[in-house]
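Novice: got a structure for you, letters missing:
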Ligand code: ADP
Ligand code: MG
């Protein structure tokens, strides 16, 4: 099943944020290297403003973030060996890349189950054998996943995130992740603003998905809390647009005790 070159590869990634009025480019990421293999959990930690969300948005293909050609050493941005730098956000999703963000959007009037059906159909647009012939068949599939992830099925009939609590939003987002069967998933501060029970539920859901689909996970977090439940194989520290240190979960514990300031690059 897993291909020889199955990995998400980032090499020498330089990214600027583009001001939409002045078109001015401000460099944020200054040469990020990261390799994520299927089934691995990577945590990216770092102080506010270090570029963690910029990395997530860049992976998603957000138009405000521009990958700049470095002066030396070519940039690589590969998903299972395929260059996805020029691909649109939808095309990236269809390749199996999933991104969950800190602030989920509210889409009143669009029921969760319909939103997820469209997302599923877009994800598998290139794999017709994965598509369900009838809406009711998808519903059954969705209800099965909701049960597995302990998501209240009543939520599926409500408007997306409309009046949802913080915990409900996150659970539905994790359900969305399960629906999309991602090869690689990036979770940006998906733990922020959640109480301990919700963090635990999210972490358990992510772990279930990882085991089921052998998803490579990148969890971006400011705190160590979620890493108590989601055990990282690798921990990376980002500072001023670069990964300045990588290690195992001991590094996360060290950061918790000593803070980011002490870390020397
Ligand atoms: P983190 O997620 O680690 O807190 P961000 O990636 O959000 O960091 O931000 C890194 C830096 O880039 C910050 O200085 C931030 O102000 C700047 N930045 C990010 N996005 C934008 C944007 N759309 N416009 C202007 N500055 C931005
Ligand atoms: Mg951020």
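Specialist: Nice, I can see it. None of these values were measured; they are calculated from a predicted model. Ligands and ions are numbered 1, 2, ... in the order given.
Novice: any idea which element the residue in the stretch 101-250 of the chain positioned nearest to ligand 1 lies in?
Specialist: Nearest residue of the stretch 101-250 of the chain to ligand 1: residue 238, at 6.5 Å (CB to the nearest ligand atom). To be clear about C-beta, it is placed using only N, CA and C from the backbone, and glycine gets the same treatment. Using DSSP states H and E, residue 238 falls within strand 234-239.
Novice: Which neighbours in the sheet does that strand have, and how are they oriented?
Specialist: strand 41-45 (parallel), strand 242-247 (antiparallel) (DSSP bridges).
Novice: Check those strands for me and report the most buried one.
Specialist: strand 41-45 (a mean of 24; mean count of other CB atoms under 10 Å).
Novice: hmm, that strand touching ligand 2?
Specialist: No: taking CB under 5 Å from the ion as the criterion, strand 41-45 and ligand 2 are apart, separated by no less than 10.0 Å.
Novice: Could you identify the helix or strand that succeeds that strand?
Specialist: Using DSSP H and E, the first helix or strand after strand 41-45 is helix 52-60.
Novice: residues of stretch 95-112 that come out buried?
Specialist: 95-101, 104, 111-112 (16 or more other CB atoms under 10 Å).
Novice: contacting residues for whatever residue of the stretch 101-250 of the chain ends up closest to ligand 2?
Specialist: At 5.6 Å from ligand 2, residue 189 is the closest residue in the stretch 101-250 of the chain, using CB to the ion. Residues near residue 189 by CB atoms under 8 Å, 6 or more residues apart in numbering: 52-53, 102, 220-222.
Novice: Let me have those residues in TSV, extended by distance to ligand 1 and pLDDT.
Specialist: Below are these laid out as TSV (distance: CB to the nearest ligand atom, whole Å; pLDDT from 0 to 100):
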residue	distance to ligand 1	pLDDT
52	3	95
53	3	94
102	8	58
220	7	94
221	10	88
222	8	79
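Novice: Check the offset of the longest helix along the chain from the chain's centre.
Specialist: In the chain, taking DSSP state H as the definition, the longest helix is helix 196-213. The chain centre lies 13 Å from the centre of helix 196-213; the measure is CA atoms, centre = their mean, to the nearest Å.
Novice: for that helix, packing partners?
Specialist: helix 166-180, strand 184-188, strand 216-220 (3 or more CB pairs under 8 Å, 6 or more residues apart in numbering; DSSP states H and E).
Novice: Direction-wise, compare that helix with strand 216-220 and give the angle.
Specialist: 160 degrees (axes from the mean of the first three to the mean of the last three CA atoms, to 10 degrees).
Novice: Next, the angle from helix 196-213 to strand 184-188.
Specialist: Using the same axes, to 10 degrees, helix 196-213 lies at 170 degrees relative to strand 184-188.
Novice: tell me which residues in helix 196-213 are buried?
Specialist: 198-203, 205-210, 213.
Novice: next SSE after the host helix or strand of residue 92?
Specialist: If you go by DSSP H and E, residue 92 is part of helix 89-94. As assigned by DSSP H and E, the chain's next helix or strand after helix 89-94 is strand 97-100.
Novice: so what secondary structure elements neighbour that next one?
Specialist: Strand 97-100 packs on helix 52-60, helix 166-180, strand 184-188, going by 3+ CB pairs under 8 Å, 6+ apart.
Novice: And the contacts of the shortest one?
Specialist: Think strand 184-188. Everything outside strand 184-188 that qualifies as a contact, by CB under 8 Å, 6+ apart, is 8, 36, 38, 52-53, 56, 59-60, 79, 96-102, 177, 206, 209, 215-220.
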